[in-house]
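A.B. asks: everything below, folded, please.
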Amino acid sequence: MTVIGDSLIIEDDDAAPTGFELSLEDSTGNDLTSIGEGGEEDGATAVTVRATARTTLYAQNQTVTVTVGADGDTATSADYTTDVATFDITIEAGQQSGTATFMLDPSHDTIDEGDSDETYETLTVSGTHGGDDNVVATSIAIVDNDDPPTGFELSLEDSNGNDLTSVDEGGEEDGAIAVTVR
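C.D. replies: Sure, this is the predicted structure:
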């Protein structure tokens with residue numbers, strides 16, 4: 001602090017803000033990292049996106065523009081029925097964070113997504129903020145509820161399309177029998 005005549009100068013020694021980090025919460029404020037692959041009866045889930053200042057707070061209101069979904073996501077628009085448009089989060093001057101909510105309705109299917117323990121699809125939630133500041137993205141997993149396939153069932157049919165369960169053993173005069181595997 002420096003006093004010059006009747007003026008007082010207070011020097012700001014705070015580091016410049018370095019952007020925001022996104023996180024996801026459910027309707028009760030708990031961290032949300034995954035959502036089940038629902039059915040029509042489950043309906044959409046409210047997902048709250050929180051943009052939190054990574055270091056020093058901003059002296060003016062700030063806006064983070066949020067996008068749901070990114071190139072390279074394993075979840076695509078076919079995996080959720082809600083069309084999520086880009087939206088903004090406003091962080092008020094001097095506040096640590098701000099929030100906005102979107103609805104996510106994962107589609108139920110009968111496809112076993114993933115292999116081994118990876119039975120989920122990932123959906124990225126990212127953001128942009130003006131200037132040189134950056135926004136750290138997050139993601140949510142849509143957890144598959146389908147059992148893995150247990151194998152295949154094969155059946156045989158003759159040349160007339162009839163189920164074939166047995167073939168009579170014949171001599172050389174009977175020739176070959178055409179069989180279709182389906």
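
A.B. asks: so residue 95 touches residue 57, yeah?
C.D. replies: Yes. Applying CB atoms under 8 Å, one finds residue 95 in contact with residue 57, separated by 6.8 Å. The way it works is simple: take the backbone N, C-alpha and C, and place the C-beta from them, glycine included.

A.B. asks: wait, residue 14 touches residue 56, no?
C.D. replies: Yes. Using CB under 8 Å, residue 14 is in contact with residue 56, at 4.8 Å.

A.B. asks: can you tell me which residues contact residue 32?
C.D. replies: 24, 25, 26, 47, 48, 140 (CB atoms under 8 Å, 6 or more residues apart in numbering).

A.B. asks: separation between it and residue 97?
C.D. replies: In this view, residue 32 and residue 97 are 15 Å apart by CB to CB, to the nearest Å.

A.B. asks: try residue 157
C.D. replies: On the measure of CB to CB, residue 157 and residue 97 end up 64 Å apart.

A.B. asks: neighbour count for the two, which is higher?
C.D. replies: residue 97 (17 against 14; other CB atoms under 10 Å).

A.B. asks: and the more buried one, what are its bridge partners?
C.D. replies: Following DSSP bridges, residue 97 is listed with bridge partners residue 52.

A.B. asks: per-residue pLDDT, it?
C.D. replies: As predicted, residue 97 sits at a pLDDT of 97.

A.B. asks: what's the distance between the most centrally placed residue in the chain and residue 141?
C.D. replies: By CA atoms, centre = their mean, the chain has its centre lying nearest to residue 123, at 1.9 Å. To residue 141, residue 123 is 8 Å away according to CB to CB.

A.B. asks: for residue 69, same thing?
C.D. replies: Residue 69 is 14 Å from residue 141, by CB to CB.

A.B. asks: these two - which one has more neighbours?
C.D. replies: More crowded of residue 69 and residue 141, by other CB under 10 Å: residue 141, with 18 against 15.
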